[in-house]
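Novice: Let's see this in three dimensions:
(one chain, ligands or ions: 1)
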Amino acid sequence: MSLAEQQEIPGMAPSALPVAKAKLLEGKRGLIVGIANEHSIAWGCAKAFHALGAEVAVTYLNDKAQKYVEPLARLIEAPLVMPLDVNIPGQMEAVFEKISRSWNSLDFVVHSIAFSPKEALQGRVVDVEREGFLKTLDVSCWTFIRMAKLAEPMMRRGGTLFTMTYYGSQIVVQNYNIMGVAKAALESAVRYLAAELGPKGIRVHAISPGPLATRAASGIPEFDELLELAKAKAPVRSLVSIDDVGAATAFLAHDAARLITGETLYVDGGYHIID
Ligand SMILES: NC(=O)c1ccc[n+]([C@@H]2O[C@H](COP(=O)([O-])OP(=O)(O)OC[C@H]3O[C@@H](n4cnc5c(N)ncnc54)[C@H](O)[C@@H]3O)[C@@H](O)[C@H]2O)c1
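Specialist: Below is the predicted model of the structure:
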């Protein structure tokens, strides 16, 4: 995607929407869950998939989020914009039901959500109460497994499922705490789902971006220090953007990546290879 050719959208930064000459994902349709605002990783994915010609359905958490998500959804001409709070029983099912009534197949799902109650996230793992543990794993991991189940019958011609993870699943990252445990479970789920769904042509990936200043990240203490360290230590000496994450994710949805599955792809400037 060329930076030089980006469009100007009134009220948004000039680089708001990337433009790609080759519509490599034309004819593909997918769901992107997790746009809260224009800083969300899910928004970076939505822009990239749209630029490459895919049709993208999106969700918003609740009425409060709707006013931030709807203008973004209009920019990418999202044909379906639906409410989804995964804590509300039946809402995930309703989203997939609505999609199945509008589209006869689904090609990709991007799951870009995570949640942990403050007292669970900001304390030691050793102190986490059962309730906080269950809520963290439920929203941040189980919902991906359930979305895979709901997507499976719609991915008649195969497809790709994505979730967002972080390096704190592999090693102890200060302040990442219980979310590291949840991301380790999520990455393992990716491998099991990839093994189970591979025979149907459904591929499954975790994308592991370097730190990005999003709303979710603001819940992690001393996040600015993490950003500084990432920039100083990563081989490319640069922070990643949501557009970098979107482009890498969109590549894995392309048929050219048909033999790649079960991966955790790092989009972190190489940070994870450095001691
Ligand atoms: N920001 C980072 O540094 C970073 C790095 C690696 C991975 N990630 C992961 O990327 C994903 C997206 O986070 P982000 O950084 O873009 O932040 P974000 O705040 O923009 O997105 C988080 C999304 O989770 C959604 N969410 C939370 N609870 C929900 C619920 N009950 N039902 C439905 N949606 C719910 C929020 O509405 C929001 O859209 C998360 O999985 C996060 O762990 C973030």
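
Novice: which residues are contacting stretch 147-157?
Specialist: 31, 33, 92-93, 95-96, 99-100, 103-107, 109, 111, 159, 161, 193, 197, 200-202, 204 (CB atoms under 8 Å, 6 or more residues apart in numbering). All C-beta spots, glycine's among them, are computed from the backbone N, C-alpha and C.

Novice: Filter those residues down to the buried ones.
Specialist: Buried subset of the contacts of stretch 147-157 (neighbour count, 16 or more other CB atoms under 10 Å): 31, 33, 92, 95-96, 99, 103, 106-107, 109, 111, 159, 161, 193, 197, 202, 204.

Novice: how about the residues of the chain near the ligand?
Specialist: 34-36, 39-42, 61, 65, 84-87, 112-115, 139, 164-166, 209, 211-212, 214-217 (CB under 6 Å from any ligand atom).

Novice: List the ones among these that fall in helices.
Specialist: Of those, the ones assigned to helices by DSSP state H are 41-42, 65.

Novice: Can you tell me which of the residues of the chain next to the ligand end up in strands?
Specialist: Judged by DSSP state E, the subset of these located in strands is 164, 209.

Novice: Show me which of the residues of the chain next to the ligand are buried.
Specialist: 34-36, 39-42, 61, 65, 84, 86, 112-115, 139, 164-166, 209, 211-212, 214, 216-217.

Novice: sorry, back to before: in TSV: the ones in helices among the residues of the chain next to the ligand, plus pLDDT.
Specialist: Output for these, formatted as TSV (pLDDT from 0 to 100):
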residue	pLDDT
I41	98
A42	98
A65	98
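
Novice: where does the stretch 101-250 of the chain have low pLDDT?
Specialist: Along the stretch 101-250 of the chain, no part satisfies pLDDT under 70.

Novice: mind listing the strands for the stretch 51-200 of the chain?
Specialist: Counting by DSSP state E, counting those that start in this stretch, the stretch 51-200 of the chain has strands at residues 55-60, 81-83, 108-111, 159-164.

Novice: picking up where we left off before, now distance to A48 too, for the ones in helices among the residues of the chain next to the ligand, in JSON lines please.
Specialist: JSON lines is the format used below for those (distance: CB to CB, whole Å):
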{"residue": "I41", "distance to A48": "11"}
{"residue": "A42", "distance to A48": "11"}
{"residue": "A65", "distance to A48": "21"}
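
Novice: For L52, state which of those residues is nearest.
Specialist: Relative to L52, the closest of these is A42; by CB to CB it sits at 15.9 Å.

Novice: Of all residues in the protein, which one is nearest the centre?
Specialist: Centroid-nearest residue in the chain, with CA atoms, centre = their mean: S112, separated by 2.9 Å.

Novice: what sits against the closest residue to that residue other than its chain neighbours?
Specialist: With sequence-adjacent residues excluded and distances taken as CB to CB, 6 or more residues apart in numbering, S112 is closest to G34, at 3.1 Å. Neighbour list for G34: 40-42, 59, 110-113, 164 [criterion: CB under 8 Å, 6+ apart].

Novice: Same check on A94?
Specialist: Going by CB under 8 Å, 6+ apart, the list of residues near A94 reads M82.

Novice: quick check, A206 in a strand?
Specialist: Yes. Counting by DSSP: H, G, I helix; E, B strand; the rest coil, A206 is found in a strand.

Novice: That one: neighbouring residues, count only.
Specialist: By other CB atoms under 10 Å, the residues close to A206 number 26.
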